[in-house]
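[1] Structure for the following, please:
(4 chains)
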Protein chains: 2
Amino acid sequence: MPAHPVRPGRTPDRLKDRPTWLISRAFARSSALLAAGFEADGDGLRGYHYRLLAALEQWGPASQADLGRDTGIDRSDVTAALTELESRGLVERRVDPDHRRRKIVTITPQGGDALVGLDAVIDRTQAAVLAPLTAAQRRQFVDLMAKLLD
Amino acid sequence: MPAHPVRPGRTPDRLKDRPTWLISRAFARSSALLAAGFEADGDGLRGYHYRLLAALEQWGPASQADLGRDTGIDRSDVTAALTELESRGLVERRVDPDHRRRKIVTITPQGGDALVGLDAVIDRTQAAVLAPLTAAQRRQFVDLMAKLLD
DNA sequence: TGTCCAATGTTGGCCATTCCAACATAGGCG
DNA sequence: CGCCTATGTTGGAATGGCCAACATTGGACA
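    The predicted structure follows:
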């Protein structure tokens, strides 16, 4: 899904150097590239699924509430995304025997494979997004963005 | 955003340094701050309205299609936003006598006033977005983002 | 011990941003 | 003249983010 075309050199002065504008354009491009990648090779999965699988792979089984806190996804959206992941056999949910109101989510081997597959999609997208920058500029960019989000 | 509770230091490694992730977080924060600013002082107007008014103020009357290209807004969304602006008396639309399928949009004096008012909202938002950065880093940031969008 | 409070998962909804499909109409260009 | 493109419009979709309400469960603590 290509970002909506902007006529080169015709961005209003009021917008063109403003961080909020630059960020929104960067996001438009980045998410368009990401969507194209997921569409081509994502097997119907989206950002929420990737986030959840990444958290599970890194830290192991977790409750849904903890997953939400770790990934910045609302509890209700966690539920929906996990249902989709579960129906694909990428995660398993079972009630915590010690706290029966809680469900422990585990990533399956297939879930691990899917995650690796998505990594490739994601990595290709990073390369496309950063294409205009040199290696040094890329490092600077990541560094500044991290600071911005402190 | 996640203005939603995110456990600090618990972002999965697969996400935390990826440009697409950083960009989406930055966009979330930026647009949340922008929305808050518009809510407080924007008189019901939003980003699209500001972009359109800015383009009109700078280059004078234009067709809706040209406005879309200049501001990165889809034609259909231009139509909707202009309808709102028109109902507030901030722009005028009339059929181009030379090309009757086209509508020429003109900003009104009230539209100019509204634009100046929104400038203040926007400026405050830039400051909030860039708050974590030093002056030198802010220049670097704008510079890198501009390169990224080449 | 019993009562109240907080956390959990779920359902169902809302909003904003962006983009797309389809359409009628109007002009340009051959 | 006929074709093709541009234009404005309507309506819808995907994605991400958020919130309220609910039943259930367990912990805290009086």
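[2] Give me the spatial nearest neighbour of the residue of chain A found nearest DNA strand D, chain neighbours excluded.
    The minimum distance from chain A to DNA strand D, using Cβ to the nearest atom of the strand, falls at A:G47 (2.6 Å). All C-beta spots, glycine's among them, are computed from the backbone N, C-alpha and C. In this structure, A:G47 finds its nearest non-sequential neighbour in A:L34, 7.4 Å apart by Cβ to Cβ, 6 or more residues apart in numbering or on different chains.
[3] May I ask which helix or strand encompasses that neighbour?
    Counting by DSSP states H and E, the element that carries A:L34 is helix A:19-41.
[4] Name the residues of that helix that are buried.
    A:19-38 (16 or more other Cβ atoms under 10 Å in any protein chain shown).
[5] related to what we said a few turns ago, now do the same contact list for the residue nearest to A:G47.
    Counting by Cβ atoms under 8 Å, 6 or more residues apart in numbering or on different chains, A:L34 makes contact with A:G47, A:I122, A:T125, B:T20.
[6] Same check on A:Q64?
    Contacts of A:Q64 by Cβ under 8 Å, 6+ apart are A:R75, A:V78, A:T79, A:L82, A:R93, A:R102, A:K103, A:V105.
[7] how about those residues in TSV, adding neighbour count?
    Formatted as TSV, these follow (neighbours: other Cβ atoms under 10 Å in any protein chain shown):
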residue	neighbour count
A:R75	12
A:V78	22
A:T79	14
A:L82	23
A:R93	16
A:R102	14
A:K103	18
A:V105	23
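[8] Stretch A:55-70 and DNA strand C in contact?
    Yes. Contact of stretch A:55-70 with DNA strand C (Cβ under 7 Å from any atom of the strand) involves A:S63, A:Q64, A:A65, A:D66, A:G68.
[9] Wait, the first one touches A:I104, no?
    Yes. Applying Cβ atoms under 8 Å, one finds A:S63 in contact with A:I104, separated by 6.2 Å.
[10] Run through chain A and note the low-pLDDT ranges.
    For chain A, applying pLDDT under 70 flags the ranges A:1-8.
[11] Which residue ranges of it form helices?
    A:13-16, A:19-41, A:47-59, A:64-71, A:75-87, A:109-130, A:135-148 (DSSP state H).
[12] Counting by contacts, list what the shortest one packs against.
    This points to helix A:13-16. helix B:47-59, helix B:109-130 (3 or more Cβ pairs under 8 Å, 6 or more residues apart in numbering or on different chains; DSSP states H and E).
[13] is chain A contacted by the longest one?
    Yes. Residues of helix B:109-130 are located near chain A by Cβ under 8 Å from any Cβ of the partner chain, namely B:L115, B:D119, B:I122, B:T125, B:Q126, B:V129, B:L130.
[14] can I get those in CSV with neighbour count?
    Listed next are the residues of helix B:109-130 next to chain A as CSV, based on neighbours: other Cβ under 10 Å:
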residue, neighbour count
B:L115, 22
B:D119, 14
B:I122, 23
B:T125, 22
B:Q126, 20
B:V129, 23
B:L130, 18
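[15] among those, which two are most distant?
    Pairwise distances across the residues of helix B:109-130 next to chain A (Cβ to Cβ) peak at 22.0 Å, for the pair B:L115 and B:L130.
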